[in-house]
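Visitor: Would you be able to build a 3D model of this:
(2 chains)
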2 protein chains.
Amino acid sequence: MREYQVISTDDHIIEPPGIFDSRLPKEFEDRTPKLVETDDEAAWHVPGIERPIAMSGLSSAAGQKETEFSPKSKTFDAMRKGCYDPRERIKDMDIDGVDAQVTFPTLPGLAGAAFIEIQDRPYALALMRAYNDWLVDEWQAADPERIIGAGILPLWDLSAAAEELRRVYGRGLKCISLPSHPNSLGVAPFGDPSWEPLWDAMEETGVPAEIHIVSGKADVSFLQDAAGSPAEVFVCMAPSSNMQIVANLLFSGILHAHPKLKFISAESGIGWLPYFLERADYTHRKHQFWTGTKIDVTPSDLFRQSIYANFISDKAMGDIPDEDKHKICAGNAIKVFQLNGK
Amino acid sequence: MREYQVISTDDHIIEPPGIFDSRLPKEFEDRTPKLVETDDEAAWHVPGIERPIAMSGLSSAAGQKETEFSPKSKTFDAMRKGCYDPRERIKDMDIDGVDAQVTFPTLPGLAGAAFIEIQDRPYALALMRAYNDWLVDEWQAADPERIIGAGILPLWDLSAAAEELRRVYGRGLKCISLPSHPNSLGVAPFGDPSWEPLWDAMEETGVPAEIHIVSGKADVSFLQDAAGSPAEVFVCMAPSSNMQIVANLLFSGILHAHPKLKFISAESGIGWLPYFLERADYTHRKHQFWTGTKIDVTPSDLFRQSIYANFISDKAMGDIPDEDKHKICAGNAIKVFQLNGK
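Guide: Next comes the predicted model:
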């Protein structure tokens, strides 16, 4: 049984060329997405999506100094190999002291947004399945005990999403990615009954959903009030996407109705949680009488039951008992992602 | 010199009937807004605004039990007199142990949104001026040392706004209200150069701006992802409006260029601030090289220089030195609102 010291629950994949080759059904073979490189950038060309998808240089910043950060797309030669090669990634994890990591998609968007926008649904579903198969067969295969891919689902049809979850769980996928802004993808809000098949499948398989900040089509309406201001406003405010989705989860009633669901709030940090949960409890205690509440429990209890969150760095670990340190750094993740380890 | 123990920096006015009577120039007299009461509600009829403005019952909940809270409008007979009568308000403040309070408008919106929407600008300006005059002549007059009205400004023309600020400051107004969502009112973002005349007037007079949560036309885009969920999501998330406006203030560069400006984040609570300022500093430190930053100081230093925030209740006052307690409960407000007291 593997011993884990540190598990990262928020990393990112740069998809290498060829991931869809020989993975699509015959009828879609002539529409296999291709990576095209020029002298100074790389972009995916996906039939059905008008503009090439150039991956942000901020997603392949590993090894760069902060002064070199740029959103401009890079060629693969200009990236650290660990960005796109899972065997090289494992070497980088060793350098960083990371035993295992959960990895989000980049090409299709953090929660599959690009494929959800394709209106030819059978083709979009084929892309989703091919992507998830690649995650299992190639990406995770470098070391399935150390690399945990976050799968993407056909959220336009939540019964099909449940079916795809069961399929990829059977193949070895341990996590799915859901959007912080389902509405931006034309998908029903989490409180809608149409999600029931997926909630059932998640409870049945025990597979948790990671929700990454500003996933879906990012809700950047707060930037309207910051027009002309630097992108620092966006970076500073990005975690607020997950405050709203956590509020939705707590008050929609689904955690109450489906106590085995597990969600991870990713890249949101955790410093806001003490404030936020106090606010949620205050809101429910004081306003439940006119709001048509759907819960008769304390929101922070629902949070503790069902929701996890990750952090990037923390200076205050010193005073925490060893047992709790292990839970924070690895133990909670072992349980949530059903890893075979301790 | 008055001694203050407790100053509340976020209270609300329910405007009583007749506040515009005899306050408008002759040319607008036939368009004097009127309050109309039916058996079970009260609403303002303002020429130029299509629908009557019924004030939320949640704004006149003083004295009610939480189980009786409702957004439904009330008649004046059904309200506690202190909601709309400043002399009765002072009696309620005595019951609560509050020495002074800052009061926000309700009829015209927290930052004057309803009047800003009126396209007949000379008439809208006349309403603004009449409202501010009523604040000074009637509302504050009950005891100008104890009631501090937050004035509203014609934000469609920021030179006119600066002029109105100077006028009402001369008459005794000590505070203005600015919106958390200027964009929702068709007003330029705070970072835009068109705001310069108002920033100059605020620095010159020393008058601070309170920014109340979800003011302007509320940005409730986060509710799209909570469709079907109870209004608890809205109440829980409402303070996030002020996280975005504080982020805008910090990164827009205006606090750097105008170090004497003072802003108060109202009804937002304060529990998010340690997290938020750490996030702001992290954002600037790590991302300043590609974001086109407008500041070369630490965002949290700008916050400490220029921004205040208020809280509703706090259990942790016990361990704080008496001098700091006094600052938190009254001293900071005495300084920021230029009160004649200690």
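
Visitor: Residue A:74 is in contact with residue A:42, isn't it?
Guide: Yes. Using CB atoms under 8 Å, residue A:74 is in contact with residue A:42, at 6.9 Å. Where C-beta positions appear, they are placed from N, C-alpha and C, glycine not excepted.

Visitor: so what's residue A:298 up against?
Guide: A:281, A:284 (CB atoms under 8 Å, 6 or more residues apart in numbering or on different chains).

Visitor: and the residue of the stretch 51-200 of chain A found nearest chain B, what pLDDT?
Guide: Chain B sits closest to residue A:183 of the stretch 51-200 of chain A, with a gap of 4.1 Å, by CB to the nearest CB. We note a pLDDT of 91 for residue A:183 in this prediction.

Visitor: Let me see the contact set for it.
Guide: Contacts of residue A:183 by CB under 8 Å, 6+ apart are A:189, A:216, B:224-225, B:227.

Visitor: Just the CA atoms of stretch A:178-195, as PDB, please.
Guide: Only the C-alpha atoms of stretch A:178-195 are listed here, as PDB (Å, rounded to 0.1, in the frame of the first residue of the first chain):
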ATOM      1  CA  LEU A 178     -17.600  20.300 -13.200                       C
ATOM      2  CA  PRO A 179     -17.900  24.000 -14.100                       C
ATOM      3  CA  SER A 180     -18.200  26.900 -11.600                       C
ATOM      4  CA  HIS A 181     -20.500  28.600 -14.100                       C
ATOM      5  CA  PRO A 182     -22.800  25.900 -15.600                       C
ATOM      6  CA  ASN A 183     -25.200  28.600 -16.800                       C
ATOM      7  CA  SER A 184     -22.500  30.100 -19.000                       C
ATOM      8  CA  LEU A 185     -22.500  26.800 -20.900                       C
ATOM      9  CA  GLY A 186     -26.200  26.600 -21.300                       C
ATOM     10  CA  VAL A 187     -26.300  23.900 -18.700                       C
ATOM     11  CA  ALA A 188     -29.000  23.900 -15.900                       C
ATOM     12  CA  PRO A 189     -28.000  25.100 -12.400                       C
ATOM     13  CA  PHE A 190     -26.900  22.400 -10.000                       C
ATOM     14  CA  GLY A 191     -30.200  22.700  -8.100                       C
ATOM     15  CA  ASP A 192     -32.200  21.600 -11.100                       C
ATOM     16  CA  PRO A 193     -33.700  18.100 -11.100                       C
ATOM     17  CA  SER A 194     -32.100  17.300 -14.400                       C
ATOM     18  CA  TRP A 195     -28.800  16.800 -12.600                       C
END
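
Visitor: If you count neighbours, what's buried in it?
Guide: A:178-185, A:187-192, A:195 (16 or more other CB atoms under 10 Å in any protein chain shown).

Visitor: on that earlier part again, A helix includes the residue of the stretch 51-200 of chain A closest to chain B, no?
Guide: Yes. Residue A:183 forms part of a helix when assessed by DSSP: H, G, I helix; E, B strand; the rest coil.

Visitor: In contact with the residue nearest to residue A:181 when sequence neighbours are not counted: list those residues for me.
Guide: Nearest non-adjacent residue to residue A:181, counting by CB to CB, 6 or more residues apart in numbering or on different chains: residue A:216, 3.4 Å away. Residues near residue A:216 by CB under 8 Å, 6+ apart: A:109, A:111, A:113, A:179-185, A:187.

Visitor: Check those and tell me the two furthest apart.
Guide: Taking CB to CB, the two most distant members of the contacts of residue A:216 are A:109 and A:183; they sit 15.0 Å apart.

Visitor: Would you map the strands across the stretch 1-150 of chain A?
Guide: Using DSSP state E, counting those that start in this stretch, the strands of the stretch 1-150 of chain A run over A:7-12, A:34-37, A:42-45, A:53-54, A:100-104, A:147-151.

Visitor: So in that sheet, which strands flank the last one, and in what orientation?
Guide: Right, strand A:147-151. strand A:100-104 (parallel), strand A:175-178 (parallel) (DSSP bridges).

Visitor: looking at those strands, which is buried most?
Guide: Greatest average neighbour count among the strands paired with strand A:147-151 goes to strand A:175-178 (a mean of 26), per mean count of other CB atoms under 10 Å in any protein chain shown.

Visitor: Give me the buried positions along the first helix or strand past it going along the chain.
Guide: Next in sequence after strand A:175-178, counting helices and strands by DSSP states H and E, comes helix A:196-205. By 16+ other CB under 10 Å, the buried positions in helix A:196-205 come out as A:197-199, A:201-202, A:205.

Visitor: And stretch A:258-271, by the same measure?
Guide: A:261-271.

Visitor: The residues you listed: which ones sit near chain B?
Guide: Subset of these in contact with chain B: A:269, A:271, counting by CB under 8 Å from any CB of the partner chain.

Visitor: Just the buried residues of stretch A:258-271: which are in helices?
Guide: Counting by DSSP state H, no part of these is found in helices.

Visitor: In JSON lines, list the buried residues of stretch A:258-271 along with pLDDT.
Guide: Output for the buried residues of stretch A:258-271, formatted as JSON lines (pLDDT from 0 to 100):
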{"residue": "A:261", "pLDDT": "98"}
{"residue": "A:262", "pLDDT": "98"}
{"residue": "A:263", "pLDDT": "98"}
{"residue": "A:264", "pLDDT": "98"}
{"residue": "A:265", "pLDDT": "98"}
{"residue": "A:266", "pLDDT": "98"}
{"residue": "A:267", "pLDDT": "96"}
{"residue": "A:268", "pLDDT": "96"}
{"residue": "A:269", "pLDDT": "95"}
{"residue": "A:270", "pLDDT": "96"}
{"residue": "A:271", "pLDDT": "95"}
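
Visitor: So which bits of the stretch 1-150 of chain A are right by chain B?
Guide: So the stretch 1-150 of chain A meets chain B at A:58, A:66-71 (CB under 8 Å from any CB).

Visitor: which pair in these spans the largest distance?
Guide: Checking these with CB to CB, the most distant pair is A:67 and A:71, at 14.5 Å.

Visitor: quick one: which of these two has more around it?
Guide: A count of neighbours by other CB atoms under 10 Å in any protein chain shown puts residue A:71 above the other of residue A:67 and residue A:71, at 14 against 9.

Visitor: Residue A:97 against residue A:4, yeah?
Guide: No. Counting by CB under 8 Å, residue A:4 is not a contact partner of residue A:97; they are 11.4 Å apart.

Visitor: if you count what's nearby, which of these two comes out ahead?
Guide: Neighbours were tallied for residue A:97 and for residue A:4 using other CB under 10 Å; the higher tally belongs to residue A:4 (20 against 8).

Visitor: ok, for that one, nearest residue in space, not its chain neighbours?
Guide: Using CB to CB, 6+ apart, the closest residue to residue A:4 is residue A:330 (4.1 Å).

Visitor: Okay, now the unreliable bits of the stretch 201-342 of chain A?
Guide: Applying pLDDT under 70 to the stretch 201-342 of chain A flags residues A:218-221.

Visitor: Next, format the strands of the stretch 1-150 of chain A as JSON lines and append mean pLDDT.
Guide: Converted to JSON lines, the strands of the stretch 1-150 of chain A look like this (pLDDT from 0 to 100):
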{"stretch": "strand A:7-12", "mean pLDDT": "98"}
{"stretch": "strand A:34-37", "mean pLDDT": "96"}
{"stretch": "strand A:42-45", "mean pLDDT": "95"}
{"stretch": "strand A:53-54", "mean pLDDT": "92"}
{"stretch": "strand A:100-104", "mean pLDDT": "98"}
{"stretch": "strand A:147-151", "mean pLDDT": "98"}
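
Visitor: what's the most buried one of those?
Guide: strand A:147-151 (a mean of 26).

Visitor: What about residue A:126, how many residues nearby?
Guide: Neighbours around residue A:126, by other CB under 10 Å: 21.

Visitor: In this structure it contacts residue A:28, no?
Guide: Yes. The criterion here is CB under 8 Å, and residue A:126 meets it with residue A:28 at 5.0 Å.

Visitor: before we move on, back to that, list just the nearest of the contacts of residue A:183 to residue B:297.
Guide: residue A:216 (34.5 Å).
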